[in-house]
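Undergrad: My questions are about this predicted structure, shown below with the sequence.
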Amino acid sequence: MDAIKLLTQDHQAVRALLGELAETTPRAVKKRAELLSQIATQLKAHTTIEEEIFYPAFKAAGEKSDDAKMYFEAMEEHRAAGDLVLPDLQGTAPDSEKFSGRAKVLKELVEHHADEEEKEMFKRAKKLMSAAELKALGEQMETRKAELLKQFKSEAKAAA
């Protein structure tokens, strides 16, 4: 699978989980906790493969200052979602109204980021890289993602 298809599928999966989370009420404590755990795992794996593999390849292939700007903006959006909003949400009681608000902010941030990547960065990547390069990147990313998901699963078991 090529890199763009893999990343787009990840975006769709996380959007669906965030949409499901947004539909929950403060009474759905267990459901909220389960969804949040899935979202955190998926986001962490996704952002890691982007930051370790896709973004560096995109930056290296880039030709214009706009390409570098796209790269740095994407990195900052990851930092905002992964280092600020997600940990805040994870530390919020699932039965509170604050949880609903923070979940909505995370959803909006992730959707904005995914939309920008799909409309701008991925289109640009298709111009900068060949189909063979994108396929090779995708295979590398699939392997790394599987490793990460396995690692996160064993970490969760150890913590439980």
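TA: Looks like it came in fine. Numbering: from 1, shown residues only.
Undergrad: Every contact and neighbour count from this point should use C-alpha atoms.
TA: Noted.
Undergrad: And the contacts of the helix or strand harbouring residue 8?
TA: Following DSSP states H and E, one finds residue 8 within helix 3-22. Applying C-alpha atoms under 8 Å, 6 or more residues apart in numbering, the contact partners of helix 3-22 are 32, 35-36, 38-39, 42-43, 46, 54, 100, 103-104, 107, 110-111, 114, 118, 122, 134-139, 141-142.
Undergrad: repeat that with 6 Å
TA: Residues outside helix 3-22 that contact it (C-alpha atoms under 6 Å, 6 or more residues apart in numbering) are 107, 134, 137-138.
Undergrad: do the same with stretch 76-91
TA: Counting by C-alpha under 6 Å, 6+ apart, residue 102 sit against stretch 76-91.
Undergrad: How about stretch 92-108?
TA: 18, 26-27, 29, 89.
Undergrad: now swap in stretch 35-52 and tell me
TA: By C-alpha under 6 Å, 6+ apart, the residues outside stretch 35-52 that reach it are 141, 145, 148.
Undergrad: List the buried residues for the helix or strand where residue 44 lies?
TA: In the assignment (DSSP H and E), residue 44 maps to helix 29-49. Under the neighbour-count criterion of 16 or more other C-alpha atoms under 10 Å, helix 29-49 has 31-33, 35-36, 39-49 buried.
Undergrad: Can I get that helix in PDB, CA atoms only?
TA: Extracted in PDB, the C-alpha atoms of helix 29-49 (Å, rounded to 0.1, in the frame of the first residue of the first chain):
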ATOM      1  CA  VAL A  29     -18.000   6.600  31.200                       C
ATOM      2  CA  LYS A  30     -16.800   3.100  30.100                       C
ATOM      3  CA  LYS A  31     -17.500   3.800  26.400                       C
ATOM      4  CA  ARG A  32     -15.700   7.100  26.600                       C
ATOM      5  CA  ALA A  33     -12.700   5.500  28.300                       C
ATOM      6  CA  GLU A  34     -12.500   2.700  25.600                       C
ATOM      7  CA  LEU A  35     -12.800   5.100  22.700                       C
ATOM      8  CA  LEU A  36     -10.200   7.500  24.200                       C
ATOM      9  CA  SER A  37      -7.800   4.600  24.600                       C
ATOM     10  CA  GLN A  38      -8.300   3.500  21.000                       C
ATOM     11  CA  ILE A  39      -7.900   7.100  19.700                       C
ATOM     12  CA  ALA A  40      -4.700   7.700  21.700                       C
ATOM     13  CA  THR A  41      -3.200   4.400  20.400                       C
ATOM     14  CA  GLN A  42      -4.100   5.200  16.800                       C
ATOM     15  CA  LEU A  43      -3.000   8.800  17.000                       C
ATOM     16  CA  LYS A  44       0.300   7.800  18.600                       C
ATOM     17  CA  ALA A  45       1.100   5.200  16.000                       C
ATOM     18  CA  HIS A  46       0.000   7.400  13.100                       C
ATOM     19  CA  THR A  47       2.000  10.500  14.200                       C
ATOM     20  CA  THR A  48       5.000   8.400  14.900                       C
ATOM     21  CA  ILE A  49       5.100   6.900  11.400                       C
END
